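Participant: Quick check, what structure comes out for this input:
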Amino acid sequence: MGERAYYIHPQALVESDQIGSDTQVWAFAHILKGAYIGSHCNIGDHCYIENGVKIGDEVVIKNGVSVWDGLTIEDLVFIGPNVSFTNDLFPRAKVYHDHYESTLIRKGASIGANATILCGITLGNWCLVGAGSVVTKDVPDFAVVYGSPAKLRGWVCKCGKMLMFNEDKKTKCECGLEYFKSDSTIRILNPDEFL
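Facilitator: This next block holds a predicted model:
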């Protein structure tokens, strides 16, 4: 076998061989055998990643995050320190299941420190969840949510800047991306730039 194309800290426990190139796994992280982690990811200290988890490319998971079976994380997602994920709506000690609730974190989503994400929901593309929030339902693409429970508070561009809409329900961010707002969703008007 040749040299690994990714970095594992000497004090990390990595049982999976499905880790992409240039990924870094830091001290005291534990990655179980069935987990899949893409390329160019950063897995912080004291993270725990269970079997069946799928993590895309260029994902950042900060310190102290447990990623449970049933969770799929797409590319370019940021997960802040001590974010709590769940995978069982009715947990009991010593009760095991063949299937756990699925949760999907879409491309580019960012989750602030200490947020709690209830299982069985989807966080939309490029959405932003505020620190300390308790997310109990789906979050639309580009939405800014925070609070307990988290509520829609505004909209954010792919580049991370807050969006303000005019009377025509349109806006153009300083980065050049344009959006149209309808009811509780927005869509990008120059979709080639979205990819």
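
Participant: List the residues that contact the residue nearest to Cys173 when sequence neighbours are not counted.
Facilitator: Setting aside the residues directly before and after it, Cys173 is nearest to Cys157 in space (CB to CB, 6 or more residues apart in numbering), at 4.2 Å. Every residue, glycine included, has its C-beta placed from N, CA and C. Taking CB atoms under 8 Å, 6 or more residues apart in numbering, we find Cys157 in contact with 126, 142, 163, 173, 175, 177, 179.

Participant: Likewise for Gln24?
Facilitator: Gln24 makes contacts with 6-7, 41-43, as judged by CB under 8 Å, 6+ apart.

Participant: Check Glu178 too.
Facilitator: With CB under 8 Å, 6+ apart, Glu178 has these contacts: 170-172, 188-190.

Participant: now do 7 Å
Facilitator: Contacts for Glu178 (CB atoms under 7 Å, 6 or more residues apart in numbering) come out as 170, 172, 189-190.

Participant: any idea of the pLDDT on the nearest residue to Thr86 once chain neighbours are set aside?
Facilitator: Excluding the flanking residues, the one nearest Thr86 by CB to CB, 6+ apart is Cys119, at 4.5 Å. pLDDT, Cys119: 96.

Participant: and the gap between Cys119 and Met164?
Facilitator: Separation of Cys119 from Met164 (CB to CB, to the nearest Å): 33 Å.

Participant: okay, the two: which has more neighbours?
Facilitator: Comparing Cys119 with Met164 by other CB atoms under 10 Å, the one with more neighbours is Cys119, at 16 against 9.

Participant: Surely that one and Pro91 touch.
Facilitator: No - using CB atoms under 7 Å as the test, Cys119 is too far from Pro91 to be in contact (10.1 Å).
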